[in-house]
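Asks: Predicted model follows, preceded by the sequence.
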Amino acid sequence: QVQLAESGGGLVQAGDSLRLSCTASGITFSTYAMGWWRQVPGQDREFVACISWSNVNTYYSDAVKGRFTISRNDAKNTVHLQMNRVTPEDAAVYFCTAGSTVIDVTTGQGFWGQGTQVNVSS
């Protein structure tokens, strides 16, 4: 059974930083592309970032490019999202995703976690 467990969400002040983590089980982690999506209540889910299985390529939405960094630690089956210079528009539920390919992750296919809430105070 595949499980993706997110952690690290909470309340952060605008301009500050937050680091999200996701630990995966039930998959051969090193062979999966990993990613993050987010969703604001009442809105569609939005792609945030993706990292290839090889740890060579990363992809970001325009909304977070230059502020967020995705990274992975295959030894710990963990993927992180470092969020810097957070704005109120970054407040959302953040979901960890895993896919066989980068395309799977960037199109919302594959496995999903339950999400972790990020709130931003202005």
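Replies: That came through fine.
Asks: Stretch 66-76: which residues count as buried?
Replies: For stretch 66-76, the buried set under the neighbour-count rule, 16 or more other Cβ atoms under 10 Å, comprises 68-70, 72. (Each C-beta comes from the backbone N, C-alpha and C, glycine too.)
Asks: Return the member of the residues you listed nearest to residue 36.
Replies: Nearest to residue 36 among the buried residues of stretch 66-76, counting by Cβ to Cβ, is residue 70 at 6.6 Å.
Asks: Residues contacting the helix or strand containing that closest one, please?
Replies: Residue 70 belongs to strand 68-73 when assigned by DSSP states H and E. With Cβ atoms under 8 Å, 6 or more residues apart in numbering as the test, strand 68-73 has contacts from 34-36, 48-51, 55, 58, 60, 78-84.
Asks: Stretch 80-90 now?
Replies: 12-22, 36, 38, 48-49, 63-64, 67-73, 94, 118, 120-122.
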